[in-house]
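Undergrad: sequence and predicted structure are below.
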Amino acid sequence: MKKDFISLADLAPAEIQGLLDEAVALKAEWQRGGNKPLLGGKALGMIFQKPSLRTRVSFEMGMHHLGGSAICLSPDEIGLGKRESVADVARVLSRYVDGIMARVFAHSLILELARHSAVPVINGLSDYNHPCQGVADLLTIYEKLGSLKGVTLAYVGDANNVLTSLLFGGSKLGMRVVAATPPDYAPSPEVLEPARRFAAESGGAVEVTADPHAAVRGADVIYTDTWTSMGQEAEREQRLQVFPPYQVNARLVSEAKPEAIVMHCLPAHRGEEITDEVMDGPHSAVFDQAENRMHAQKAVLASLMR
Ligand code: CP
Ligand code: NVA
């Protein structure tokens, strides 16, 4: 039966660790001169309802490195659910390509694509979660800190799609994930309840606070993301009033462990959720993290499409 990659909540801890191990191996092989053509002759169809730099380019180059190819379909080209039903798009694309990656607004669209596709479907971000980012983030932490179990990650900002995947992935692998959000922008019970269950099984922990200073105390990793995600543009002015106390700046970073790393999925809004000083400073892991999207996704692609 075909497998999809829709949420880290669906994977066993050993499966996530397996992806990380494969990503480490593929990255080392690529650094030695190139990957073996594990996906020789295969093609990935990429559907975008929202803009992208990292997801688009890292998937396209990832397929290229593995001997395959990728086709990018922009919002205007296929009109997912408008020009043609989501189910028919899935049925037709399945006849041409060996895997589908989709970036959508409503998470239900990913589920619908997966239901009607004969080939694996990869979630390249929905309003609900961002599992490809999650694997790349775990890979980055694993590389920089040498382990995940017992590592404290303080996420400071908006409880969005990126936090959902960090909560699921981190809690599955025994991390302590502390989310510091304004009270009205806290993670939902639908995300917290499973994350707490995964943490109880792995020996990790999930905590929520409104205090960014308390969250970063003793943290190994500080993570932030935009205060206004794609699709929330109408709320931007209101969010700009609420979120400034949650800015990741040099003072906040100085309250974490001295060797703490700072992460951001990008794109960053410099001067809002993160300052230039931190983005470009000695704690920043953000560009290694961006590179790791490609290595992590090659492991995902190989696991689904080989
Ligand atoms: N982090 C991330 O998904 O970046 P893009 O929106 O540029 O793909
Ligand atoms: N939370 C952000 C992530 C972008 C990669 C968004 O959804 O816009």
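TA: Thanks, I have the structure now. Ligands and ions are numbered 1, 2, ... in the order given.
Undergrad: residues in contact with the helix or strand hosting Phe198: which ones?
TA: Using DSSP states H and E, Phe198 maps to helix 189-202. Contacts with helix 189-202, where a contact means CB atoms under 8 Å, 6 or more residues apart in numbering, come from 9, 13, 149, 159, 163-164, 167-168, 171-174, 177, 187, 204-206, 208. Placement of C-beta: from N, CA and C, glycine included.
Undergrad: cutoff 10 Å now
TA: Applying CB atoms under 10 Å, 6 or more residues apart in numbering, the external contacts of helix 189-202 come out as 7-9, 13, 128-129, 148-149, 159, 163-177, 179, 186-187, 204-208.
Undergrad: cool, and stretch 79-91?
TA: Contacts of stretch 79-91 (CB under 10 Å, 6+ apart): 45, 47-49, 73, 75-78, 92, 100, 102, 104-106, 108-119, 121.
Undergrad: of the residues you listed, select the buried ones using a ChimeraX command.
TA: To isolate the buried members of the contacts of stretch 79-91 in ChimeraX, using 16 or more other CB atoms under 10 Å:
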select :45,47,48,49,73,78,100,102,104,105,109,110,111,112,113,114,116,117,119,121
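Undergrad: list the ones among the contacts of stretch 79-91 that fall in helices.
TA: Here DSSP state H is the test, and these give 75-78, 92, 108-116 as lying in helices.
Undergrad: just the closest of these to ligand 1, please.
TA: Pro75 (13.7 Å; CB to the nearest ligand atom).
Undergrad: on that earlier part again, which among the contacts of helix 189-202 count as buried?
TA: Of the contacts of helix 189-202, these count as buried by 16+ other CB under 10 Å: 7-9, 13, 128-129, 148, 159, 163-177, 179, 186-187, 204-208.
Undergrad: just to revisit the earlier point, helices - which of the contacts of helix 189-202 land there?
TA: Pro13, Leu163, Thr164, Ser165, Leu166, Leu167, Phe168, Gly169, Gly170, Ser171, Lys172.
Undergrad: just give the nearest non-adjacent residue to the second one, would you?
TA: Read that as Leu163. Tyr155 (5.3 Å; CB to CB, 6 or more residues apart in numbering).
Undergrad: quick one: end-to-end distance for stretch 223-242.
TA: The first and final residues of stretch 223-242 sit 18 Å from each other (CA to CA, to the nearest Å).
Undergrad: my read: Glu60 touches Phe48, true?
TA: No. Applying CB atoms under 10 Å as the test, Glu60 and Phe48 come out as separate, 11.7 Å apart.
Undergrad: what number of residues are in the vicinity of Lys27?
TA: 20 (other CB atoms under 10 Å).
Undergrad: name the element it belongs to?
TA: For Lys27, the element it lies in under DSSP H and E is helix 13-31.
Undergrad: tell me which residues of stretch 190-199 come out buried.
TA: Buried, per 16+ other CB under 10 Å, within stretch 190-199: Val191, Leu192, Pro194, Ala195, Arg196, Phe198, Ala199.
Undergrad: closest one of those to Asp21?
TA: Phe198 (19.5 Å; CB to CB).
Undergrad: re the thing from before, what do Glu60 and Phe48 both touch?
TA: In contact with both Glu60 and Phe48: Cys72, Met101, using CB under 10 Å, 6+ apart.
Undergrad: and stretch 158-167, anywhere near ligand 2?
TA: Yes. Residues of stretch 158-167 contacting ligand 2 under CB under 6 Å from any ligand atom: Asn160, Asn161, Val162.
Undergrad: pull the distance from that stretch to the chain's centre.
TA: 8 Å (CA atoms, centre = their mean, to the nearest Å).
Undergrad: then stretch 76-84?
TA: Distance, centroid of stretch 76-84 to centroid of chain: 25 Å (CA atoms, centre = their mean).
Undergrad: and it, how far apart are its ends?
TA: End-to-end for stretch 76-84, by CA to CA: 12 Å.
Undergrad: do stretch 237-252 as well
TA: Rule used - CA to CA; the end-to-end distance of stretch 237-252 is 24 Å.
Undergrad: so which strand or helix has Leu153?
TA: Short version, using DSSP H and E: Leu153 is in strand 152-156.
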